[in-house]
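[1] Quick one, fold the following:
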Amino acid sequence: MRVAELWRYPVKSLQGEPVSAAVLTSTGLTGDRCWALFDQETGLGLTARRHPELLHAAARLRDDGGVDITLPDGSTAADDAALSAWLGRPVALRAAGDATGPRRYENPEAAESEDSWRVFEGSAQAFHDSIPVTLLSAATIGTRPVRRFRPNVVLGGGDEDALLGAVVQIGGATVAVTKPVARCVMVTRSQPDGIGIDREVLRWIHRERGGVLSVGGAVVHEGAVRIGDEVRPVPRA
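    Numbers count the residues shown, from 1 in each chain. Reported below is the predicted structural model:
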């Protein structure tokens, strides 16, 4: 199997951007989840699980390491005040390297419910929940939009589930594939370009796949990856 697409999501829960090449580091794909929006009153990081409107803004990583955020009306958010006005609450955009203390987010108590929420702590490094890099085969999702599932590496062939428990070579990097990715209401959210609310997609994941879709793990050896690179298990010593 080979890398068909590479995606990074510079700001947690905002639209990401496809890239042709990147480096896989210990914190994931370079530039991935390196920023997040935090509610200044609760201290919680915002995600589209709780705040679906986040998926209708887009983030682009600049050459200087900063980010540009395009709001749903097409304007560029100049500062925290503009982001707060858009979301209707005081928020602050923080870089992963500048954030202090625990990174706390909300998850629904049940996969298909939005009636109750629990707080959990995410990664102490980048603003991903717990898995630095995720892989998903295009064959697994068929005609469903890949953007619903927010993978880092889209595989052009093969079955990502077959990689569970293996260490795989991806270009110049190696990744220990340790767990399947559990799914929640976020995959049902609407997104730009005609991707509407679809509650059936989560029902399909639970009915056909036991509630998980895509696999992920940790970067064992850092290295460059690019579209077209082969993805193959590393033989055990």
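
[2] Return the residues in contact with the residue nearest the centre of the chain.
    With distances taken as CA atoms, centre = their mean, Arg150 lies nearest the centre of the chain, 4.7 Å away. When contacts are counted by CB atoms under 8 Å, 6 or more residues apart in numbering, Arg150 touches 7, 9, 16, 134. Using the backbone N, CA and C atoms, a C-beta is placed for each residue, glycine as well.

[3] Same check on Phe120?
    With contacts defined as CB under 8 Å, 6+ apart, the neighbours of Phe120 are 104-107, 129.

[4] let's go with 7 Å and repeat that
    Phe120 makes contact with 105, 107 under the criterion CB atoms under 7 Å, 6 or more residues apart in numbering.

[5] Neighbouring strands - and their directions - for the host helix or strand of it?
    Using DSSP states H and E, the element containing Phe120 is strand 117-121. Strand pairing for strand 117-121, determined by DSSP bridges: strand 104-108 (antiparallel).

[6] Give me the contacts around the strand it pairs with.
    Residues outside strand 104-108 that contact it (CB under 7 Å, 6+ apart): 43-45, 47, 49-50, 114, 117-122, 184-185.

[7] buried set for it?
    Applying a neighbour-count criterion of 16 or more other CB atoms under 10 Å, one finds 105-108 buried in strand 104-108.

[8] what's the answer for stretch 56-64, then?
    By neighbour count with 16+ other CB under 10 Å, stretch 56-64 contains the buried residues 56-61.

[9] out of the contacts of Arg150, who has the most neighbours?
    Neighbour counts for the contacts of Arg150, by other CB atoms under 10 Å, peak at Thr134, which reaches 27 neighbours.

[10] my read: that residue touches Phe149, true?
    No - with contact defined as CB atoms under 7 Å, Thr134 does not reach Phe149; the gap is 8.3 Å.

[11] overlap in contacts of these two?
    Going by CB under 7 Å, 6+ apart, residues that sit against Thr134 and also against Phe149 are Ser214.
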